[in-house]
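K.L.:
Need a 3D model of the following:
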Amino acid sequence: MTIDEKLARLRAHRNNVHRYRRMLSTRLSDLEREFLSKRLSEEQIAIHELSATTFPISLNLGGPISGAASRVA
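P.N.:
Numbers count the residues shown, from 1 in each chain. From the prediction side, this is the model:
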């Protein structure tokens, strides 16, 4: 799968998450709400998993500096 295909899938999952969140803010039966909550969770998991394979290196910009870099400051 190319990077373009992965990005297209990420966009589709993100759009689904937004759609399900909008739908959850409306009046729904308990069954409908349960179904949408499950689908929302599945989409979020898919985003997380696809992001991990698409962008395997993540930066911790908010955390403490470790190793030699902390001694330089």
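
K.L.:
Pull the contacting residues for the residue most central in space within the chain.
P.N.:
Nearest to the geometric centre of the chain sits Ile47, at 3.9 Å (C-alpha atoms, centre = their mean). Counting by C-beta atoms under 8 Å, 6 or more residues apart in numbering, Ile47 touches 10, 13-14, 17. Bear in mind the C-beta positions are built from the backbone N, C-alpha and C, glycine included.

K.L.:
So which residues of the protein form helices?
P.N.:
3-24, 30-54, 68-72 (DSSP state H).

K.L.:
With mean pLDDT as added columns, please give those in TSV.
P.N.:
What follows is the helices of the chain, written out as TSV (pLDDT from 0 to 100):
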stretch	mean pLDDT
helix 3-24	96
helix 30-54	95
helix 68-72	48
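
K.L.:
State the distance from Arg27 to Arg33.
P.N.:
10 Å (C-beta to C-beta, to the nearest Å).

K.L.:
the more surrounded of these two?
P.N.:
Arg33 (14 against 6; other C-beta atoms under 10 Å).

K.L.:
which ones are touching the nearest residue to that one once chain neighbours are set aside?
P.N.:
Excluding the flanking residues, the one nearest Arg33 by C-beta to C-beta, 6 or more residues apart in numbering is Leu24, at 6.6 Å. Applying C-beta under 8 Å, 6+ apart to Leu24 gives the contacts 33, 36-37, 40.
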